[in-house]
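Peer 1: sequence first, predicted coordinates after that:
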Amino acid sequence: MQHLNLYDPSLRPERRLLTLPVALLLLGLLLLAMVLGVALLQRASQQQMLRVGQAESQIKVLGALPQAQVDAAEAAQLQALRERLVQAQAFERQLQTLPPSEAALQLLEGLALAAGPDVWLTAARWDAREPALELQGRLLDSRQLPVYLRRLEQQAAFRGQRFSQLSLQPVPEGSQHQFLLRSGRVATK
């Protein structure tokens, strides 16, 4: 009778994980995976080429269509928006050239807080020596001007400021109105 010592690892039978049949099987699986990967890449490439061809044909079809006609009201509105952008950029450049002062900052803050979607400024002039303020702007509905004036009067920077001149005119190319406000300082008690 023969006794096996299973507790001593050197006496256990040797197990080989990588034998020739296992190595050939792994090599075959690796080759199969590579062939499948190449086939999938070729198919994806063909689909991408097909999508590119379809996109190019759509571009050609869209290029052959006549340009959409823009009606006069939309063109006027677009022009007005462009003018507002140019004026806002010019105003920003002017503000950047001015030295900072506390009164100017309060004035700008008051103008910003009083602003709304119905009124926008196209020009603002302020003379701190007199002090006098001139605001030019546009609005969509002329009935909103008193509301804007009340919002201005509620701002701390405009306390004691009285608007002595008001001009309101319709803009010929659209449904907007142009306004001009001039003020002088009223003595506060």
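Peer 2: Good, I have the coordinates.
Peer 1: after the helix ranked longest in the chain comes which helix or strand?
Peer 2: For the chain, the longest helix by residue count, based on DSSP state H, is helix 20-64. Using DSSP states H and E, the helix or strand that follows helix 20-64 towards the C-terminus is helix 72-97.
Peer 1: mean confidence score for the longest helix of the chain?
Peer 2: For helix 20-64, the mean per-residue pLDDT is 89.
Peer 1: quick one, domains of the chain?
Peer 2: 21-53, 73-185 (automatic domain parsing).
Peer 1: out of those domains, flag the one nearest residue 60.
Peer 2: Evaluated with C-beta to C-beta, these place domain 21-53 nearest to residue 60, the distance being 10.8 Å. Where you see a C-beta, it was placed from the backbone N, CA and C, and this is true even at glycine.
Peer 1: list the buried residues for the closest one?
Peer 2: Of all the residues in domain 21-53, not one is buried under the rule 16 or more other C-beta atoms under 10 Å.
Peer 1: likewise for stretch 104-117?
Peer 2: Residues of stretch 104-117 classed as buried by neighbour count (16+ other C-beta under 10 Å): 107, 110, 111, 114.
Peer 1: so which of those residues comes closest to residue 83?
Peer 2: Within the buried residues of stretch 104-117, proximity to residue 83 (C-beta to C-beta) peaks at residue 111, which comes in at 19.2 Å.
Peer 1: now the strand or helix carrying that closest one: how far from the chain's centre is it?
Peer 2: Per DSSP H and E, residue 111 falls inside helix 102-114. In terms of C-alpha atoms, centre = their mean, to the nearest Å, the centre of helix 102-114 is found 25 Å from the chain centre.
Peer 1: C-terminal to it, what's the next element?
Peer 2: Past helix 102-114, the next helix or strand by DSSP H and E is strand 119-127.
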